[in-house]
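> Here is my input; please provide its structure:
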Amino acid sequence: MHETHFFEQQDGSRIAYNILEPQKPDDIKKTPLVLIMGVYGVKEIFMGLKEELAKNQKVIVFDNRGIGESSVVSHYDPISLDLMAQDTIALIKYLGIKRFNLLGWCFGGIIAIYIASNLPLELELERLIICASSISGTFILYDESRCNLMNLPDGPKNIQEQKDKFMRTYNESFIDYMVNHPDIFDKYAEIHVTSNRPFEILKRQWETIKETNFLNILSESKTINFPTLLIHGEEDVLVPIENSELLTREITNSKFISIPKAGHTFWFGAPESITFINEFLSRDGFGQLGQLSASYRRLSTISRL
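Numbering: from 1, shown residues only. Down below sits the predicted model:
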């Protein structure tokens, strides 16, 4: 377990975060990477991904306001895209970081785009990574009735029930990976069962999504000139892969890599995705990444024949 630290925002919200230090002394000097979680998610869901990325650089991961170990003054306080972006920026400043890399997953990718398009002058963003993010609002297909179902009393009450739900609803590659890694499967299910995820906060996050003008976000993405990597699982049923393809066309200095057989939580069972991220964050950036991804696509095509 990683030690949890806290800092307090001006409105009284307390943001919980972990710092994963790199394993090699030389990597301490590398640019730190900040991870932004998606809707209804807690920082522990990045299990496996954050630890692998921390082998090469410092990684900072946090809970969005009101969820996980983070708190708000009241569960009925408004939550907005701007507030969630401010929490990220405030954490970076609190830690005394001037230069950083940013990775956003799911709605965290939208927050990351918002930050990259409205970056304070005193901060420097080197590289941006957007993973499995919707820019058209298509994952709002999980409408309010679906949202309300998530709070029914007959939801998973223990780890086994949660695992059974995953087996019914997640994609095949995720299931195969978890069946072959039962300890990880138990831990992942435990996170979902025991984490503090208040239903009122979910509704506030849901309202944030509904109120977000995705056309404005798409327009803002055109102003991004940081090197940007987009990653998306080809079997993502929550956020269609076309969202990342669209973003790639709008962001000039970008590269898109699709991960065959991977779903929304693409890093489970797809270690190559972590390799791509690390290579993108290295000094070579797009150079070596282009060669790796080209070889990967050829091998993936052959494996599917």
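> From Glu272, how far out is the spatially closest residue to Tyr76 that is not a sequence neighbour?
Nearest residue to Tyr76, sequence neighbours excluded (Cβ to Cβ, 6 or more residues apart in numbering): Glu200, at 6.4 Å. Yep, even glycine has a C-beta here, placed from its N, CA and C like the rest. Distance, Glu200 to Glu272, by Cβ to Cβ, to the nearest Å: 39 Å.
> re earlier: the residue nearest to Tyr76 belongs to a strand?
No: Glu200 is assigned helix when assessed by DSSP: H, G, I helix; E, B strand; the rest coil, not a strand.
> Distance check, it against Ser74.
Separation of Glu200 from Ser74 (Cβ to Cβ) stands at 9 Å.
> between those two, which one's more packed in?
Taking other Cβ atoms under 10 Å, Glu200 and Ser74 do not tie; Glu200 has more neighbours (14 against 10).
> so where's this protein uncertain?
1, 25, 27-28, 136-154, 283-285, 287-305 (pLDDT under 70).
> for it, what spans make up the helices?
Secondary structure of the chain (DSSP state H): helices at 49-53, 81-94, 107-117, 144-149, 159-169, 172-180, 182-194, 199-211, 214-221, 242-250, 271-281, 286-304.
> Redo those helices as a markdown table? Include distance to Pro227.
Putting the helices of the chain into a markdown table (distance: least, Cβ to Cβ, whole Å) gives the following:
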| stretch | distance to Pro227 |
| --- | --- |
| helix 49-53 | 17 |
| helix 81-94 | 19 |
| helix 107-117 | 11 |
| helix 144-149 | 36 |
| helix 159-169 | 35 |
| helix 172-180 | 28 |
| helix 182-194 | 31 |
| helix 199-211 | 27 |
| helix 214-221 | 14 |
| helix 242-250 | 13 |
| helix 271-281 | 8 |
| helix 286-304 | 6 |
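> List the residues that contact the residue lying closest to Ile60 once chain neighbours are set aside.
Among residues not flanking Ile60 along the chain, Val34 sits closest, at 4.8 Å (Cβ to Cβ, 6+ apart). Residues in contact with Val34, defined by Cβ atoms under 8 Å, 6 or more residues apart in numbering, are 59-61, 88, 91-92, 100-103.
> Tell me which of the helices of the chain sits nearest to Ser13.
In terms of Cβ to Cβ, the element of those nearest to Ser13 is helix 81-94, at 7.2 Å.
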